[in-house]
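Enquirer: Got a predicted model here, sequence first, then my questions.
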Amino acid sequence: MQDEFENKAEDIIKAQQGDKEAMSYLIEKNKGLIWNIVKRFQGRGHEIEDLYQVGVMGFIKCIKRFDSNFDVRLSTYAVPYILGEVKRYIRDNGPIKISRSLKEMAAKVLDIKNDYYKKNGREIKVEELANTLKISKEELALVLDTFQPINSIDEQLYEENDDGMTLLDKMKSGVDEATLVTNKVCIEQVIQKLKKKEREVILLRYYRGKTQTEIAKILGMTQVQVSRVERKALELMKTKLAG
């Protein structure tokens, strides 16, 4: 049985030469991979369908640059391109735009806060501010949030001993995120190809942290049977990942 994400060299070459049907075929064949990556960015203020289209653009860039002599599958090679394109889109299209009415309310809040401080010598409380504006505390929280500055990850920090370090430098963990995502996506794809019993054992063992004895009770098997299924599943996964 052919691997779902195993792409034929002739299809890739046709797509690289401008064959639109070949390109569409490759996109359709690998849409599961694209969705798998895109869904990791849900809840960032962008429509998931828009992010999928951006992911497709990254995949197309990958195809155009892919060399069949690379000792790597197209699906594996594509992950950093898709990931990079989506992250670039989110970076270039943020922050989330603020409506005119919210901006007007924010300006009103600022005026009230300033006037109150001048008259009373202290900051107005949230409850008092909400009552003055005749809005809920939740609505007020949304308005106040518009005052919060949004830091660029490339913005330099001028703290002592930072030596021009950016926020991105502060956030870096030294871990190759693209490689981590690539590995995770590939492993998830391989797990989906396992037989039901093998998949259940792997998920319980490595995602739920269950022992072989606990898994045996859950699945109505013996510990020896669980051990055999686990060993066989791991061997299959190694073969698929190395292929």
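Expert: Here it is on my side, so go on.

Enquirer: Can you show me the strands along this protein?
Expert: Assigned by DSSP state E, the strands in the chain number zero.

Enquirer: domain ranges for it?
Expert: 9-92, 99-145, 194-242 (automatic domain parsing).

Enquirer: which of these has the lowest average pLDDT?
Expert: Least confidently modelled of these is domain 99-145, at a mean of 79 by mean pLDDT.

Enquirer: coming back round to it: between the domains of the chain, which gets nearest to residue 187?
Expert: domain 194-242 (7.3 Å; CB to CB). Every C-beta, even on glycine, is put in place using the N, C-alpha and C of the backbone.

Enquirer: Please state the backbone phi and psi of residue 46?
Expert: phi -130, psi 150 (degrees, to the nearest 10).

Enquirer: quick one: residue 233 and residue 109, what's the gap?
Expert: 58 Å (CB to CB, to the nearest Å).

Enquirer: can you check residue 9 too?
Expert: Residue 9 is 61 Å from residue 109, by CB to CB.

Enquirer: and these two? which has more neighbours close in?
Expert: More neighbours surround residue 109 than the other of residue 9 and residue 109, with 21 against 11 (other CB atoms under 10 Å).

Enquirer: is it true that that one touches residue 128?
Expert: No - when contacts are counted by CB atoms under 8 Å, residue 109 is not listed as touching residue 128 (11.9 Å).

Enquirer: Can you give me the buried ones in stretch 55-67?
Expert: Within stretch 55-67, the residues that count as buried by 16 or more other CB atoms under 10 Å are 55, 56, 58, 59, 60, 62, 63, 66.

Enquirer: And for stretch 226-235?
Expert: Neighbour-count burial for stretch 226-235 flags 226, 229, 230, 233 (criterion: 16+ other CB under 10 Å).

Enquirer: isn't the third one right next to residue 202, touching?
Expert: What it means is residue 230. Yes - with contact defined as CB under 8 Å, residue 230 reaches residue 202; the gap is 7.1 Å.

Enquirer: Which residues are in contact with the residue lying farthest from the centre of the chain?
Expert: Farthest-out residue of the chain from its mean C-alpha position, per CA atoms, centre = their mean: residue 119, at 48.5 Å. Counting by CB atoms under 8 Å, 6 or more residues apart in numbering, residue 119 touches no other residue.
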